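>>> Any chance you could fold what I've pasted below:
(chains A and B)
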2 protein chains.
Amino acid sequence: MSGSDHLTRIVLASRPDGAPVASDFRIETHPLPEPGPGEVVVRVLYLSLDPYMRGRMSDAKSYAEPVALGGVMVGETVAEVVRSTVAQFATGDVVRCQGGWQSHAVLPADHLARVDPALGPVSTALGVLGMPGFTAWVGLDRIGQPQAGETLVVAAATGPVGATVGQVARLRGARSVGIAGGARKCAALIEEFGFDAAVDHRDPHFPEKLAAACPKGIDVYFENVGGAVFDAVLPLLNPFARVPVCGVVATYNARTGERAGPDRLAGAMGAILRRRLTVRGFIVYDFRDRHDAFLAEMAAWVRNGDVRTREDVVDGLERAPEAFIGMLEGRNFGKLLIRP
Amino acid sequence: MSGSDHLTRIVLASRPDGAPVASDFRIETHPLPEPGPGEVVVRVLYLSLDPYMRGRMSDAKSYAEPVALGGVMVGETVAEVVRSTVAQFATGDVVRCQGGWQSHAVLPADHLARVDPALGPVSTALGVLGMPGFTAWVGLDRIGQPQAGETLVVAAATGPVGATVGQVARLRGARSVGIAGGARKCAALIEEFGFDAAVDHRDPHFPEKLAAACPKGIDVYFENVGGAVFDAVLPLLNPFARVPVCGVVATYNARTGERAGPDRLAGAMGAILRRRLTVRGFIVYDFRDRHDAFLAEMAAWVRNGDVRTREDVVDGLERAPEAFIGMLEGRNFGKLLIRP
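Okay, the predicted model is just below:
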């Protein structure tokens, strides 16, 4: 299917009503297009699957255009140049690019960023040294600002953003409490990523367990999941707590109509006022000017072992829809990558 | 009742369940206490009634202690010294102090702040030159940061905070849209306070009218009311909009139990993420270091007529509960003051 003269790709077949299902995606095979002037053909080595992609499947107003019906699913990739029409890239060069859910992509050369294999395995350009790592680092740098002795909480804490958030906060002197689903992930938080405490959000007494894990309240809640976790966090937030919001994956699947009550917005606004909380949404592209500082600090931490990472690699582009659907349900364990 | 040897005061008789009612308050008369060493006896000239007082009537966790059952209702006052045991205050001096809902108060001298009658009528020390004016100014200075050409929206816009917010934002070059209840208040927004547009929140087509008044969206929403106004504002907020939250009066009366759906929190969190909003609660005491800058700039604006004010003065301490209850329903028109 993905031989050198064909490309395989996955397109959006229909917009999900709630959680995406397999039939929202369609796999297609096409002849590999010829590159135009200034273009480069790449073969995708790794495709990153991320929760934000659920947003692109809907046509709600957002910071980015939705994927068109019949259009290729968007996604960041690490790829190898297989044909080049420009001097600055040669066959075999490794690049990061918006290759999408495809085996190959044809892209303008100025849309490629060279990946330095000396920094680590090239897949980390999609994880701790890529967008997830930058999201974690810059959300703390610009908004969360954990201070020594403070308590930080992050959910999806074995994921590429959450694991990095917890480790960076500890490097800043804060106490990190991670939330994950199931005993295996919770154990990994402590043993693999060095969190100070781990709480299982599937525990029937999750709110009480979270409170017990945060005896001094919560100063930074890095919001990357939304939903029931936020409900448990809200009463524990200390005065002047900061809530960087980089994802609300629990609500991405919400249908566009009204949701059942009770209404929690008024209570949240009251808490924001009374405890002078800061709740602020961001995406990494808002802070491009911090990227060099991020990469320098994070690459050093990864090299010396201060920040550890975990990948969940799935082989076969055709398995991307199933892996993506599973990720929205928390079934992955680590940074989810497709190796087409 | 409030002769020179007695003081009249209003105490909290019961904690309201929802909107406060007259029986939640009780009027008492006591002999005027003797001042202790270092204390001063003052006669209250003006008592400020403000929405935050609703919060103090409840025992929910907040930034301030609740009023005790049987305790005097708290409140800021402008008062005249009638008896002093200290050298730095003489009979006849005008001061600002936490006199509460009383005809007289006995306070430590170091709890009094001298009011300079040269800055304007002494009642403005409770309004545009006092806490409401500082709330407006500092919420814009530290959080809202309206820029030239941006659109600001504020509700309760004929109130002491709202009117000041709208006028200060225009002085910073922004376009100010005020929300108020009824044609008379809306007319005053344009004619008296110079807002660019006014929208009546009682209009059955309020959301559409607000959208029409904000053709370029909303960049700053100064949140001082909460409730249905926020629902109409949320879809209009532009990317990177700022929402300083200094009051959610529409929800102060909410019962402590669950509220009917639909649940709007998930939608709000999604908007915060997608449009990278900043929602931040504050009270003026968080920004004491900006008070001198506020007073200098605001006093000059009031003197030269750039910022105009309106007071709603009610005579008689015994009418304070009725006036306060009415304020929570939007029945006052301008800064509400009690003249005991």
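
>>> Helices along chain A, start to end?
Secondary structure of chain A (DSSP state H): helices located at A:52-56, A:131-139, A:160-171, A:183-191, A:206-213, A:228-233, A:249-252, A:265-274, A:291-304, A:320-328.

>>> Not counting the fifth one itself, show me its contacts.
Applying C-beta atoms under 8 Å, 6 or more residues apart in numbering or on different chains, the set of residues contacting helix A:206-213 from outside is A:153, A:177, A:179, A:197-200, A:203, A:228, A:231-233, A:235-236. Every C-beta, even on glycine, is put in place using the N, C-alpha and C of the backbone.

>>> which among the residues you listed are in contact with chain B?
Residues of those in contact with chain B (C-beta under 8 Å from any C-beta of the partner chain): none.

>>> Adding pLDDT, write those out as JSON lines.
Converted to JSON lines, those look like this (pLDDT from 0 to 100):
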{"residue": "A:153", "pLDDT": "98"}
{"residue": "A:177", "pLDDT": "98"}
{"residue": "A:179", "pLDDT": "97"}
{"residue": "A:197", "pLDDT": "98"}
{"residue": "A:198", "pLDDT": "98"}
{"residue": "A:199", "pLDDT": "98"}
{"residue": "A:200", "pLDDT": "97"}
{"residue": "A:203", "pLDDT": "96"}
{"residue": "A:228", "pLDDT": "83"}
{"residue": "A:231", "pLDDT": "90"}
{"residue": "A:232", "pLDDT": "94"}
{"residue": "A:233", "pLDDT": "96"}
{"residue": "A:235", "pLDDT": "95"}
{"residue": "A:236", "pLDDT": "97"}
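
>>> before we move on, the earlier item: check the helices of chain A for me: which has the lowest mean pLDDT.
Ranked by mean pLDDT, the helices of chain A end with helix A:249-252 at the bottom, a mean of 54.

>>> now stretch A:81-93: mean pLDDT?
Mean predicted confidence for stretch A:81-93 is 95.

>>> ok so, going back, which one (most neighbours) among the contacts of helix A:206-213?
residue A:153 (32 neighbours; other C-beta atoms under 10 Å in any protein chain shown).

>>> Could you verify my assumption that it touches residue A:230?
No. With contacts counted by C-beta atoms under 8 Å, residue A:153 stays clear of residue A:230, the gap being 10.4 Å.

>>> what sits in contact with each of these two?
Common neighbours of residue A:153 and residue A:230 are listed as residue A:221 (criterion: C-beta under 8 Å, 6+ apart).

>>> what does the stretch 151-300 of chain A have sitting close to chain B?
Going by C-beta under 8 Å from any C-beta, the residues of the stretch 151-300 of chain A near chain B are A:223, A:226-227, A:230, A:239-240, A:245-248, A:250-251, A:254, A:258-283, A:286.

>>> now these: which count as buried?
A:223, A:226-227, A:230, A:245-248, A:250-251, A:254, A:263-283 (16 or more other C-beta atoms under 10 Å in any protein chain shown).

>>> care to break chain A down by domain?
Chain A is divided into the following domains under automatic domain parsing: A:6-127+A:310-339, A:133-286+A:296-300.

>>> follow-up on the earlier one: okay, the contacts of helix A:206-213 in TSV with distance to residue B:86 next?
Shown next, in TSV, are the contacts of helix A:206-213 (distance: C-beta to C-beta, whole Å):
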residue	distance to residue B:86
A:153	50
A:177	51
A:179	56
A:197	53
A:198	58
A:199	55
A:200	61
A:203	60
A:228	57
A:231	52
A:232	52
A:233	49
A:235	45
A:236	45
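
>>> so of those, which ones are in strands?
A:153, A:177, A:179, A:197, A:198, A:199, A:200 (DSSP state E).

>>> Kindly reformat those residues as TSV containing distance to residue B:213.
Shown next, in TSV, are these (distance: C-beta to C-beta, whole Å):
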residue	distance to residue B:213
A:153	40
A:177	45
A:179	42
A:197	49
A:198	50
A:199	46
A:200	49
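
>>> Just the closest of those to residue B:296, please.
Nearest to residue B:296, judged by C-beta to C-beta, of the ones in strands among the contacts of helix A:206-213 is residue A:153 at 41.7 Å.

>>> Please report how far that closest one lies from residue A:166.
From residue A:153 across to residue A:166, the span is 9 Å (C-beta to C-beta, to the nearest Å).

>>> what's the overlap in contacts for these two?
Listed as contacting both residue A:153 and residue A:166 by C-beta under 8 Å, 6+ apart are A:177, A:178.

>>> ok, the nearest residue to residue A:139 once chain neighbours are set aside - how many residues close by?
In space, and not counting its chain neighbours, residue A:139 is closest to residue A:244: 4.0 Å by C-beta to C-beta, 6 or more residues apart in numbering or on different chains. By other C-beta under 10 Å, 27 other residues sit near residue A:244.

>>> what sits opposite residue A:244 in the beta ladder?
residue A:280 (DSSP bridges).

>>> and the closest residue to residue A:119 other than its chain neighbours, what is it in contact with?
Distances taken as C-beta to C-beta, 6+ apart place residue A:299 nearest to residue A:119, at 5.2 Å, with adjacent residues excluded. Each residue near residue A:299 by C-beta under 8 Å, 6+ apart is listed here: A:119, A:120, A:129.
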